[in-house]
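# build me a model from this:
(one chain, ligands or ions: 2)
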Amino acid sequence: MPHKEETLDFTPDKYPPFPNDNAEFPVVQLQTLSLKKLEANDETEKARAFDAFKTRGFVYLELAGTENGGIISQGADEVARAAARTFALPMEEKALYKPVNRELFGYKMVGATNADKAGTPDTAEFFNISKNDMIVPDAQMARKWPPLILEHKPLFASYSRAAHATGLLIMDVLADKLGVDREDMRRRHRIGDLAGDHIRMTRGPPRKTVEMPEIQTPSHTDFGTYDHTTSPPPPLPSASRILRESSADGAAFRITVLMNWLGGLQVWSQSSRAVGALEPDVPGEWLWVAPRRGCAIVNLGDAAVKFTNGVLCSGRHRVIPSPGEQGQWPRYSVVYFVRPADETKMEVLKGAGVPALEEGQGGEGVVAKEWIYRQAMGLGSKHLGQ
Ligand SMILES: O=C(O)CCC(=O)C(=O)O
Ligand SMILES: [Fe+2]
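Ligands and ions are numbered 1, 2, ... in the order given. Reported below is the predicted structural model:
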C-alpha cells in the first residue's frame with residue numbers, strides 16, 4: 001500500500017478513555033448481547049435481545065468468537081483509516097461525489113444538514129458507500145467512486161457482507177419472537193438486491209469550545225415512532241406528520257451496526273423520547289453511549305417500529321463532540337445500515353406478535369427507496385439530489 005509515509009488523523013491508540021464522571025457525563029446502561037450466543041440460537045440471549053429492542057432500541061453487541069464479528073471489529077479500523085484518507089482529499093474532489101438520483105450514496109459535506117429548526121449547520125462529514133456497488137465487479141457499479149475507495153473495495157465488500165449478515169441474524173431473532181416468518185423478512189433484505197444499504201464513514205471535527213452545543217449529527221429518529229412505554233403516544237413532530245400522511249401504512253426493517261472509538265453518541269433519556277426531529281436540544285436530557293472495545297452498537301431504525309406497528313423501539317440519538325479530553329481528537333465512526341430492498345412495499349408485518357392496524361390507519365404504500373429519501377429530506381438534508 002502506498003500510504004506508509006502519510007499521517008492519518010484516525011489514531012485510536014492515542015485516545016484517552018471515556019471520562020469516568022457520571023455526574024458530568026451520564027452514560028446510558030445498555031444491555032450487552034453476545035453475537036456468538038445469538039448465532040448459536042441461544043433462547044435466553046434471544047429473549048434478552050427482544051426485550052432490549054422493545055424498550056431501549058440500542059444494545060452493545062459483543063463480537064468476539066465469531067467470524068462475522070471478527071471481520072467487523074478488525075474491518076472497522078481499516079475502514080476508518082480509509083475514511084481518514086478519503087476525508088483528507090481536497091474538497092473539489094470530494095464534491096464530485098455528491099448524492100444524485102434521490103439516493104443517499106456519496107459525500108455529504110459539513111453543514112449540508114440542518115441541526116435544528118433554526119437551520120444551524122451540522123459539523124460532521126459523511127461518505128456513504130453503497131453495498132451494492134462494493135459487491136459487484138467494477139463494470140456493474142451504478143456510481144463513480146473515488147479511486148481511494150475503489151482501492152479498498154474488497155474491504156468494503158467483506159465488511160458489508162459481515163455487517164449485513166449480522167443485521168439479518170438479529171432480524172431472525174426478532175422475527176421469531178414476533179411470530180413473523182423469517183424467510184419473509186429475509187426476502188426483503190437480500191444482499192444482492194438493490195437497496196439503500198451502505199457503509200457510512202463519518203468524521204466530526206475536534207471540539208472548538210467547551211460550551212454546547214456543537215452538533216455533529218443532529219438528533220434523529222424515526223417518523224411516526226413512539227416509545228410504547230409512554231402512554232398515550234406523543235404527537236408526531238411536523239416532519240413526521242408529512243411523512244405519515246404521504247407515505248406508508250407500515251414499514252420494513254432497518255438495523256444499524258455501528259463502530260466508534262470515541263464518545264459523542266448520545267441517546268435520549270427514557271423520559272424524553274417524545275421530542276421530535278430537529279426540536280431544539282434540551283440540556284440534561286441526553287445520555288452518553290460510551291464506546292466499548294470489541295463491541296458494536298446496534299440499533300433499530302424507524303422502519304422496524306413501523307413494520308411492527310410500534311412493538312419495537314428505535315431510540316432517538318445524536319452525535320456531539322467527544323466528552324472531556326477526548327474532544328481534542330477528530331471523531332470517526334463506521335456505520336452499516338441494513339435496509340429493505342428498494343422495491344419493498346412498506347407494509348406492517350403479519351405475525352402473532354404484531355398488532356394489526358386499526359381501520360383508517362393505512363397509507364398509500366410507498367416503496368422503500370422513496371420512503372428512505374423522504375425520511376432524509378424530513379431530517380433537513382439539503383444536499384440530496386432530486
Ligand atoms: O457516529 C456515531 O456514533 C453515530 C452515527 C449515526 O447515528 C448515524 O450516522 O446515523
Ligand atoms: Fe444514527
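# going by C-alpha atoms from here, please, whenever you check contacts or count neighbours.
OK.
# what parts of the stretch 151-300 of the chain come near ligand 1?
The interface of the stretch 151-300 of the chain toward ligand 1, taken as C-alpha under 6 Å from any ligand atom, is made up of 260, 265.
# can you pull the contacts of whatever residue of the stretch 151-300 of the chain ends up closest to ligand 1?
Closest to ligand 1 within the stretch 151-300 of the chain is residue 265: 4.8 Å, counting by C-alpha to the nearest ligand atom. Counting by C-alpha atoms under 8 Å, 6 or more residues apart in numbering, residue 265 makes contact with 288, 289, 290, 317, 318, 319, 320.
# quickly list what the fourth one is bridged to.
As for beta bridges, residue 317 partners with residue 220, residue 267 under DSSP bridges.
# number of residues surrounding it?
For residue 317, the count of nearby residues is 21 (other C-alpha atoms under 10 Å).
# confirm for me that it is in contact with residue 216.
No: under the criterion of C-alpha atoms under 8 Å, residue 317 makes no contact with residue 216, lying 11.5 Å away.
# of the contacts of residue 265 - the most surrounded one?
Neighbour tally across those (other C-alpha under 10 Å): the maximum, 27 neighbours, falls on residue 320.
# go ahead and measure how far stretch 16-24 is from the middle of the chain.
Here stretch 16-24 shows a centroid-to-chain-centroid distance of 24 Å under the convention C-alpha atoms, centre = their mean, to the nearest Å.
# who touches it?
Applying C-alpha under 8 Å, 6+ apart, the set of residues contacting stretch 16-24 from outside is 25, 262, 263, 290, 291, 323, 324, 325, 326.
# end to end, how far does that stretch reach?
Between the opening and closing residues of stretch 16-24 lies a distance of 17 Å (C-alpha to C-alpha, to the nearest Å).
# flag every buried residue along it.
Going by neighbour count (16 or more other C-alpha atoms under 10 Å), the buried part of stretch 16-24 is 18, 19.
# likewise stretch 26-43?
Residues of stretch 26-43 classed as buried by neighbour count (16+ other C-alpha under 10 Å): 26, 27, 28, 30, 31, 32, 33, 34, 35, 36, 37, 38.
# distance from it to the middle of the chain?
For stretch 26-43, the distance to the chain centre is 18 Å (C-alpha atoms, centre = their mean).
# quick one, strands of the chain?
For the chain, applying DSSP state E gives strands covering 32-34, 58-62, 106-108, 125-130, 198-204, 217-220, 255-260, 265-268, 286-288, 295-300, 317-319, 331-338.
# so who does residue 323 touch?
For residue 323, the contacting residues are 18, 19, 25, 263, 264, taking C-alpha under 8 Å, 6+ apart as the criterion.
# report how many residues lie close to residue 112.
Residue 112: 17 surrounding residues under other C-alpha under 10 Å.
# I figured it hits residue 119, correct?
No: at 10.1 Å, residue 112 and residue 119 do not qualify as touching, with contact defined as C-alpha under 8 Å.
# could you list the low-confidence segments of this structure?
Using pLDDT under 70 as the threshold, the predicted model of the chain has low-confidence ranges 1-5, 210-213, 221-253, 270-284, 357-365, 371, 375, 378-386.
# can you give me the helices for it?
For the chain, applying DSSP state H gives helices covering 35-39, 43-55, 67-87, 91-94, 131-134, 147-151, 153-178, 182-187, 238-246, 302-307, 368-378.
# ranking those by burial, who's on top?
When the helices of the chain are scored by mean count of other C-alpha atoms under 10 Å, the highest mean neighbour count falls to helix 302-307 (a mean of 28).
# that one near ligand 1 anywhere?
No: between helix 302-307 and ligand 1, judged by C-alpha under 6 Å from any ligand atom, nothing touches; the nearest distance is 11.6 Å.
# so what's residue 193 up against?
By C-alpha under 8 Å, 6+ apart, residue 193 lies in contact with 132, 341, 342.
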